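>>> Could you work out the structure for the sequence below:
(chains A and B)
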Amino acid sequence: MALKFDIKQRRVIPNWRDFKRTMRLGELSNSVSTQRPDISVLRPINDWQQNRNIGTAADLVNSAFISGKTEFPELNEAISYIIGNKDQSSRSLFELATSISEGTRQTPKNDNINQSKLIDLEVEDFDDFKIHLENNTIYKIINKTKNKITTQPYNSILWVELARLYSFLGNESKAEKAMTVALGLSPNNRFVLRSATRMFIHFDNLDKALYYLRKSDATRFDPWLISAHIATSSLMKRFSPLIKNGISIINSKKFSEYDLTELASSIGTLELSEGRLKKSRELLELSLKSPNDNSLAQLEWLARIEKKIQFNLHDFRGRVSNTFEAFTLENFQGENWKESLGNSIKWFLDIPYSKRPVLFGSFVASVFLKDYDTAVLLCESGLNANPLDPSILNNLVYALASQNNIEKATYYSEMFNKVKLNQYPDSEKIMQLATLGLVHFRSNNIPMGKSLYEQAIEKARIIKDDYLRDLAIVNYTKELILINDSEKDTFVQMSDNISESGRKDLVFFKNEIKDLIKKIEK
Amino acid sequence: MSIQIDEVAAHALVGRTLKGKWKVLSKVEPKQGGTGGFFSVCYIVSDGNQKAFLKAINFVAFFNMHKANNRGVSIVDIMHELTEAYKYEKELLLRCKNKKLTKVSTILDEGEEFVSDFTIGNVPYLIFEMADGDIRAKINFNNNLDTAWKLRSLHHVAVGLKQLHYIEISHQDLKPSNVLIYEKGILSKIGDLGRSLCGDLEAPHENGDNFVGDFTYAPPEYLYGHFENDRLKRLRSTDMYLMGSLIIFYFTGTNMTSLIGKNLDPNFRWGSWGGTFEEVGEYLVDAFYAALKEFKTSIPNTELADELLSLINICCFPYPQKRGHPKSIAEGFNQYDLQRVISKLDILAKKAEFFKFN
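Below is the predicted model of the structure:
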């Protein structure tokens, strides 16, 4: 049976994207107002007035660009001179002059509406999706990045990018090596530290994530890093000593609402978990003043577990970029399966090292849409970054067996043997038993199939996980009906008695069972 | 009411012979906004053999400046500030003259003329070698042309900078308008020591750790309010950056700081960034490498492009402590020593003179 992967404790862990996209999202800006020198352009203006030539024009254009003073007639004359004397100019000078004249270069783009237009994954259909997942493309990009590093060895951004690419392939040691170089070069840089935090958490090395955050001087003053520290500590069930700093930073009013969105969300989540609803609400409201995808997804999740938190995701549609996680969950709740799957695919492409979108998307595709091809592709892609992940393997085998691709299902199910399941919770074993039961049913090995399903049901009963037990029962029932087994009526009866308690998959399976019975009766 | 030109002795030198040697021929426009532009009057002079450039100090301008200034500074302080600046520049120029620096524009003579019938009749002056102009009048950024001249001129500038360093002077204001050309462009020299800083002479314009040169050419650290604590390191790394930036200007018409800014997201630029230099440093490094890549595309000859790129890489790295030749750093020599830059530019200039880069 397929697994959706509901997280019990969502924390505001930084998302890790490539530098350009992170930059464009505004997560690396610093909006604190600071006094900078007032730069005079009197000298180059006078020089230009006395001698009009390409040299003085260039001098004036440079001075205007650096001083930020771009509104005076002599500058327009100098720009026109450069544009009119292209044969004496260079491309760089020409571009600098025209960019000033167009007024595009000095205007920071930080509004959320612009952000959403800047980032477009352009995944419209299944084929587009496949192109994004071509493995060879990643290897080519890795090579290109390594080549760049040979000429830019001090560029920590490139090292982070290399680590990210290796993490797509699940190459933990190479990813960690590259990230360690980046951290050595730039131990106080927000982009490097947030990326490192996410990477170490992804590789389940929470101690290291916290170590580098704690080690950095920047963490005490930077709301984006304090938020990462609080979230990581919380994942480790530790108290972050930086909560106080975070609260005073929020109260200082020195930072923009966007700079505070994750911090307010992190502390708001903690307050809620401590039962301080009023304080939590204030902070969560602040996090929504100018949210990013992470704080929105956090609210979406919190609103689901705490009914007193009111939140309408659609108020933010088009205003916030990369809200794929939040809309995956939102559409799932609204039973818009196709939209939920579409968003989970975009969510996966946005952060391809994460297994949550893979599990969510493959679950929706297999269970509700019967789109096994997409489920298989998502899982196979997810295995790149998370090799031998038992949940992804489980959903993959489930999808393959469901489409009766027994050869491939058997191939992947054999990989279960390589997974050290004792490191995982019992629920993984139960899922696996049921899924293997499905494989055996579809391979016509009915007794083995029955035995595995029954073991799954029994184990779930022992650990008192009603949901897993019920899920195993409905899946087992389906298979019994399909082969018209004599035991089917008993299990149909059991399925009928299952309380759905809002579980959409259980409702869906029960309806499927009813439809199957009707078909058989006809 | 301001004092008129005809009431000022410094404006009344045409036709006079100074020190019995220098005939004052004509007045020329001073550089507004440049060092001393507000309080100097400039002339062409001749000793019969050569023409020269005279910069006369206009004391009366101090009073006009005092009226115009809104800094709340007293006239006494302004006069003190400007006379100190004059004395300081003269001292440095004399030092350059005595040490016979060949690639620094230095003075031929100096003195003080008394012009009668004026309230303040004393006119101190400096007489400089006569330049053809600065490089901006000659330069062209189409890089199929003048490569040999550009490289030779840059070589001269680097030599001039090293000569200054040798006598403990850091120029701090190296920019295109301060590279003067002589002998129809054959010779280039560094001019204007007005903003220079000296190892053993206190400069009146030295203001703590701040940048003293023209901010439109400043290395990026100053634009973000960062100053290296070690004075000598700060001065030498600044001169090194300005040298590299000048190379960029010769070939593209943009300076290094503009090129970094052009390749930097607007949110990270000095005008928008609210954080520190350390916090923005990595983004500057990334933009710096992008700028190098852009520069490389401006040079048609790949060999020359690579060589110049390596020079700019060592001169202009955004972190001042990482500027300098890796070998100098590794071998424990002064990392900001310009000798390797000079040698490389000399070789490149020779190659260009033999049409190797055509």
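>>> Specify the residue ranges that define each domain of the chain.
You didn't pick a chain, so chain A it is. Following automatic domain parsing, chain A resolves into domains at A:42-102, A:132-220, A:223-321, A:356-521.
>>> Please refer instead to chain B.
B:5-129, B:133-353.
>>> gap between the two ends of the last one?
If I follow you right, that is domain B:133-353. Chord length of domain B:133-353, first to last residue, is 23 Å (Cα to Cα, to the nearest Å).
>>> Can you name the residue of chain B nearest to chain A?
B:R136 (2.5 Å; Cβ to the nearest Cβ). (C-beta placed from N, C-alpha, C; glycine too.)
>>> one step back: hey, which of the domains of chain B is tucked in deepest?
Stretch with highest mean neighbour count among these: domain B:133-353 (a mean of 21; mean count of other Cβ atoms under 10 Å in any protein chain shown).
>>> can you pull the pLDDT of the most centrally placed residue in chain A?
Closest to where the C-alpha atoms of chain A average out (Cα atoms, centre = their mean) is A:I351, at 4.2 Å. We have a pLDDT of 85 for A:I351.
>>> What is the neighbour count of the residue nearest to A:K308 when sequence neighbours are not counted?
Distances taken as Cβ to Cβ, 6 or more residues apart in numbering or on different chains put A:L277 closest to A:K308, at 6.1 Å, once the chain neighbours are dropped. Residues lying near A:L277 (other Cβ atoms under 10 Å in any protein chain shown) number 14.
>>> Surely the residue nearest to the centre of chain A and A:N15 touch.
Yes: contact criterion Cβ atoms under 8 Å: A:I351 and A:N15 qualify, at 5.6 Å.
>>> Low-confidence bits of the chain, can you list those?
Chain wasn't specified; assuming chain A. Within chain A, the stretches with pLDDT under 70 are A:5-7, A:104-135, A:421.
>>> oops, chain B please
B:1-6, B:30-38, B:61-73, B:143.
>>> follow-up on the earlier one: figure out which of the domains of chain B is closest to A:A297.
Ranking the domains of chain B by their distance to A:A297 (criterion: Cβ to Cβ) puts domain B:133-353 first, at 23.7 Å.
>>> list the contacts for A:A58?
By Cβ atoms under 8 Å, 6 or more residues apart in numbering or on different chains, A:A58 lies in contact with A:82, A:89, A:93, B:136, B:141, B:176, B:249, B:253-254.
>>> Could you measure from it over to A:R461?
Per Cβ to Cβ, to the nearest Å, A:A58 is found 80 Å from A:R461.
>>> Now render the contacts of A:A58 as CSV, adding distance to A:L284 and secondary structure.
Listed next are the contacts of A:A58 as CSV, based on distance: Cβ to Cβ, whole Å; DSSP: H, G, I helix; E, B strand; the rest coil:
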residue, distance to A:L284, secondary structure
A:I82, 52, helix
A:S89, 54, coil
A:L93, 50, helix
B:R136, 58, helix
B:F141, 55, coil
B:P176, 56, helix
B:F249, 53, helix
B:G253, 52, coil
B:T254, 47, coil
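>>> ok, those residues vs A:H314, which is closest?
B:T254 (46.9 Å).
>>> Correct me if wrong: that closest one contacts A:F94.
No: when contacts are counted by Cβ under 8 Å, B:T254 is not listed as touching A:F94 (9.9 Å).
>>> Now do the same contact list for residue 169.
You didn't say which chain, so I picked chain A. For A:L169, the contacting residues are A:138, A:384-385, by Cβ under 8 Å, 6+ apart.
>>> The intended chain is chain B.
B:I169 neighbours (Cβ under 8 Å, 6+ apart): B:92, B:95-96, B:193, B:196-199.
>>> Helices of chain B, residue ranges please.
Along chain B, the stretches classed as helices by DSSP state H are B:60-68, B:75-98, B:147-166, B:220-223, B:231-252, B:256-262, B:277-298, B:302-316, B:326-330, B:339-353.
>>> Out of those, the one nearest A:K4 is which?
It's helix B:277-298; of the helices of chain B, that one is closest to A:K4 (Cβ to Cβ) at 38.5 Å.
>>> who does the closest one touch, helix- and strand-wise?
helix A:91-102, helix A:156-168, helix A:190-202, helix B:220-223, helix B:231-252, helix B:256-262, helix B:302-316 (3 or more Cβ pairs under 8 Å, 6 or more residues apart in numbering or on different chains; DSSP states H and E).
>>> Cheers, nothing more for now.
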